[in-house]
Structures are given as structure tokens and as C-alpha cells.
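Q: this is a predicted model, with the sequence first.
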Amino acid sequence: MKNLKRKKIAVYCLMILGMFLFTGISVLYSGDSGLKLLEKFKPYEPDTPLIPKDVKINPDFVAGKGEKIGYIQKVVGKAYVIHLGEKTAYQLKKNNPLFLSDTLVTSSNSRLNAVMKDKSILALAPMAKLTIAKSEYSRTLFRSKRSTIMNLVWGSARFIVKKISGKSDFMVKTKTAVCGVRATDFAVSVAPVDEAKKLSALNRFLAFLSPVQKAHALAPGQTITTVVTGQGSTVGLTGDIGGTTVVGSASVASAIGGSAASGASAVGASAAEGILGDVAPGLGSASTGASTSTSSAEGGLGGDGEGGGGGGGGGGGSH
């Protein structure tokens, strides 16, 4: 009888462990408030340089190949672009055009704003890296069509996605999550997981099962993706497993590698707008009419929405 009882207990323990592993380590963050997650939007030093050591720095901008998909509206400090297949990082200046598959990098004390062909706004905070993996936009007299994929490698980025009348696919991808939107104002961060806290909670859970497993519980260099939305904005956040979490107005959610996205937590308009402003100062908000601070950028795109003048060649413009 005792042996049967022990077997049942062992089965229950294995079931609990399986459920824990399926839902992912992100459940350890469930006790955190949404306000705690907002700390992930501060700059973090990456484990490896954002610009690889074999890539040389060139202070003089050289345009990429193909069609222009946007242009740099503003640069503070030193920011760079690496064109597809090249081993040179060109320093960016105002009005420089952007091309498909460009990788944008900001240094520790720099940031940039860019205007895409569909008039959406992209902004990078200090110590961030992002690749424009896909940017397609077309319009007729009555309808428009957009398909955009941004790959955020590290750091924080803000997006003000312009509403269009036709079909819209706009995604931000990271190593641990996918954010899908239509027309909204939001920010995404890729930051290191709080290893000390995660280890503590995980070890407490595994201690009664087998102390041998503790050394294999964590993957080195694990990151967490966090998304925060502005007022009136909605983002769908999907982790490596599980369904999509709907992150409504002025809310935050996260996802760790190998896990499902967490539930959304409301943080309030003041906290959400504060983070959006920290990531991209001066852009205002979509809900309060960001066009007041980006009207000059939209005008610079011209009638067909392509990159503004002065950026096709060398580094014209100023910081």
C-alpha cells in the first residue's frame, strides 16, 4: 500500500514538473508587477559587441543597394548602419536613406528616429540593434498594402505604426517572441533575464525533486522580450510556445526563450507613456497626435513616401 502511495506521489511530481517546463520559465515572473517589467527598457550592455569586431567603422555614409524603404529623421550621438552582405558600419546622419535588410545600431549615448515608406516611425534607444528584414508598401487611390518585419536583436525600440486603409502586416520579431500589430504605438525591449532571481525561484522548485538537475536548469545568455503599449494601442505577443497574449492599452507583457508569453498587466497611461518617451523622446504619442512631432518627417518622404532628399549619397545633414 505504501509503495502504491509513493508511486502516485512520484507521478504527481512528474506531472507538475512537466507542466512547469511546458509553460516555461517565464512563470517565475508572474509575481512581478507590470511596473517591475518596465525596468527591462533601460539600456543594458550586451555580452558581445553590437558591431562585430570584423566590421570596420566608416564615418562617411555610403548608400545601400535597391529601393529606398525609409530614411533617418534624427540622430543623436553616433549611430550606424550595416548594409546586407557588407563588413562596414557607416555612420548615420539626418536624411540618410534606408534599404532592405539594413541593420541599425546605436552606441551607449546615441539614439535615432527613422521614417519608413508607409510613414510609420521607428526609434532606437541607446545600445540597440535592429534589422529591417522586410518592408513592402504599396498604395492605390483607395487602398494600401503593407508587409513589414523588424528583427530586434538587442535593446529597446519604439514603433508608431501608421494606420492604412488596406491589408496590414507589421511584425517585430526577437529570439524569444513575435509582436503583431496593425496601427498602434508601442515599444519592445530585448534584455538579459534576471539570473539571480530566476535561479532562486527555480532552485526552490527543483530542490525536493533532484539536486542534480539544478546545474542544467538555465541556458546561458538567456534574454527576455518585453512589450509595452501606449494609450489606445493593442499588440499581440506570442512566445516560443503557447497562444498569443493580447496586450491592451497601457499594458506590459513578456516572454522568455522556450516559454509562452506571460499575461498582460496594466501599468497605467502615465507609466506607459513615460517608458515610450524614454525610448524615443520627442515623438509624443499616437493617442495625442504624434503627427505634431513627425510632420516634417512625413513631408520629407515626398508624394510616393520614399526617403527624403539629400540622403542618397554621402553623409549630408547634421546630428
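A: Received it, and whenever you're ready, just let me know what you need.
Q: can you give me the helices for the stretch 151-300 of the chain?
A: Counting by DSSP state H, counting those that start in this stretch, the stretch 151-300 of the chain has helices at residues 195-206, 269-279, 291-300.
Q: buried ones in the second one?
A: Just to be clear, that refers to helix 269-279. Ala271, Ala272, Glu273, Ile275, Leu276, Gly277, Asp278, Val279 (16 or more other C-beta atoms under 10 Å). Bear in mind the C-beta positions are built from the backbone N, C-alpha and C, glycine included.
Q: okay, now Lys56: neighbour count?
A: Look at Lys56: counted by other C-beta atoms under 10 Å, it has 10 neighbours.
Q: give me the phi and psi for the residue lying closest to it once chain neighbours are set aside.
A: Closest residue in space to Lys56, ignoring its immediate chain neighbours: Thr88 at 5.5 Å, by C-beta to C-beta, 6 or more residues apart in numbering. Dihedral angles phi and psi of Thr88 (degrees, to the nearest 10) take the values phi -130, psi 130.
Q: one more: the one 4 residues further on?
A: Leu92 adopts backbone torsions of phi -90, psi 150, taken as degrees, to the nearest 10.
Q: what's the angle from the top strand by length along the chain to helix 269-279?
A: The single longest strand within the chain, with elements called by DSSP state E, is strand 144-160. Relative orientation of strand 144-160 and helix 269-279, computed by axes from the mean of the first three to the mean of the last three C-alpha atoms, to 10 degrees: 90 degrees.
Q: distance from the chain centre to strand 144-160, please.
A: For strand 144-160, the distance between its averaged C-alpha position and the chain's averaged C-alpha position is 7 Å (C-alpha atoms, centre = their mean, to the nearest Å).
Q: just stretch 35-51 next, same as before
A: Put simply, stretch 35-51 sits 11 Å off its chain's centre (C-alpha atoms, centre = their mean).
Q: mind listing what's buried in it?
A: By 16+ other C-beta under 10 Å, the buried positions in stretch 35-51 come out as Leu37, Leu38, Lys40, Phe41, Lys42, Pro43, Tyr44, Pro46, Leu50, Ile51.
Q: including pLDDT, secondary structure and distance to Pro59, could these go into TSV?
A: As requested, those are exported to TSV (pLDDT from 0 to 100; DSSP: H, G, I helix; E, B strand; the rest coil; distance: C-beta to C-beta, whole Å):
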residue	pLDDT	secondary structure	distance to Pro59
Leu37	94	helix	38
Leu38	96	helix	35
Lys40	96	helix	32
Phe41	98	helix	30
Lys42	96	coil	29
Pro43	96	coil	23
Tyr44	95	coil	26
Pro46	93	coil	23
Leu50	98	coil	17
Ile51	98	coil	14
